[in-house]
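Undergrad: Give me coordinates for this.
(one chain, ligands or ions: 1)
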Amino acid sequence: MRKPERVAPELLFQFCFDLPSIPQKLDWKSLFGNDRPVELEIGCGKGAFIVHAATTRPEVNFAGIEVVRKYQLYCATRLARRNLKHAKMACTDARFALAWSIPTESLQAVHVYFPDPWWKARHAKRRLVTPDFLIWVIRALKVGGAFHLASDVPDYFQASVAILNHQPLLVRQDLPDDRGTITNFERKALAKGGAIHHGIWVKPTAELPPPPPDPQRLFSVPLPSQHFP
Ligand SMILES: C[S@@+](CC[C@H](N)C(=O)[O-])C[C@H]1O[C@@H](n2cnc3c(N)ncnc32)[C@H](O)[C@@H]1O
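TA: The predicted model follows:
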């Protein structure tokens, strides 16, 4: 991975955030210093989406959650170099953050671009998009909020659509003509001639699904240890 030009730690920390201790929830207003809408990106990788979105939409706050420390710092460095103070990065498992730390009905959008495919059948249970994960996403979204998903793995995308089709509290929306930023993984997939699958689902009502009975179940399938700092 090409190293981004370093920035001073005092500056870098302004573009990072931590989850509060349980049972406290994140307070977006105090984190960003304003009460603009907040959008969450899960699995930012090298940050193409969050950097582009924060550059082009200064009226929105962006929170990025990346489970790998070096990518959290890579993204935070890119944000710091552009002085995009309305975007910040945390290093944690986003499933944990959704279940414990993100306030209910607090997000305008959740973005998941090219989630890890976990190709082997025995690893499929590690995939991010599951029925429980989507319940937490719906609970975190405001009315009218949107869940964005893109993948170049047809069976993962179709499995996600099947779960979403069973979820009456999210309604699929047409894609805009301009699909927006191309992420690092999207670029790689396109270079190999792969097709990109992209969907947007909107939460039309204030109805909330009950939380899954055992929040721990969501991340009872731990990610491999190299994913943690
Ligand atoms: C295949 S990469 C895609 C990166 C980027 N979205 C892109 O399209 O270029 C998936 C990213 O999700 C991160 N990730 C995987 N599981 C995660 C989780 N539970 N919470 C937060 N990040 C996660 C990985 O560390 C990795 O950076």
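Undergrad: Strands along this structure, start to end?
TA: Here the chain has its strands, by DSSP state E, at 38-42, 61-65, 87-90, 107-113, 141-151, 171-173, 197-202.
Undergrad: Do you know the pLDDT at residue 1?
TA: Here, the pLDDT recorded for residue 1 equals 57.
Undergrad: And for residue 212?
TA: At residue 212, the pLDDT recorded in the model is 86.
Undergrad: gap between it and residue 191?
TA: For residue 212, the distance to residue 191 equals 38 Å [C-beta to C-beta, to the nearest Å]. Just so you know, the C-beta spots here come from the backbone N, C-alpha and C atoms, and that holds for glycine as well.
Undergrad: Compare these two (neighbour count), which wins?
TA: More crowded of residue 212 and residue 191, by other C-beta atoms under 10 Å: residue 212, with 17 against 8.
Undergrad: Get me the contact residues on the protein for the ligand.
TA: 42-45, 65-68, 71, 93-95, 113-116, 128, 183-186, 223 (C-beta under 6 Å from any ligand atom).
Undergrad: List buried members of these by neighbour count.
TA: 42-45, 65-68, 71, 93-95, 113-116, 128, 183, 185-186, 223 (16 or more other C-beta atoms under 10 Å).
Undergrad: Would you mind putting the strands of the chain into TSV with mean pLDDT alongside?
TA: Below are the strands of the chain laid out as TSV (pLDDT from 0 to 100):
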stretch	mean pLDDT
strand 38-42	98
strand 61-65	98
strand 87-90	98
strand 107-113	98
strand 141-151	97
strand 171-173	96
strand 197-202	96
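Undergrad: could those go into a markdown table alongside distance to residue 122?
TA: Listed next are the strands of the chain as a markdown table, based on distance: least, C-beta to C-beta, whole Å:
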| stretch | distance to residue 122 |
| --- | --- |
| strand 38-42 | 23 |
| strand 61-65 | 26 |
| strand 87-90 | 29 |
| strand 107-113 | 23 |
| strand 141-151 | 20 |
| strand 171-173 | 31 |
| strand 197-202 | 24 |
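Undergrad: and residue 26, which of those strands is closest to it?
TA: strand 61-65 (7.9 Å; C-beta to C-beta).
Undergrad: So what are the sheet partners of that closest one and their directions?
TA: strand 38-42 (parallel), strand 87-90 (parallel) (DSSP bridges).
Undergrad: what's the angle from that strand to strand 107-113?
TA: For strand 61-65 against strand 107-113, the angle by axes from the mean of the first three to the mean of the last three C-alpha atoms, to 10 degrees is 40 degrees.
Undergrad: Give the residue spans of the protein that score low on pLDDT.
TA: The model of the chain has pLDDT under 70 over residues 1-2, 215, 218-229.
Undergrad: Tell me where it has helices.
TA: 9-12, 28-32, 48-56, 69-81, 94-100, 131-140, 154-165, 184-191 (DSSP state H).
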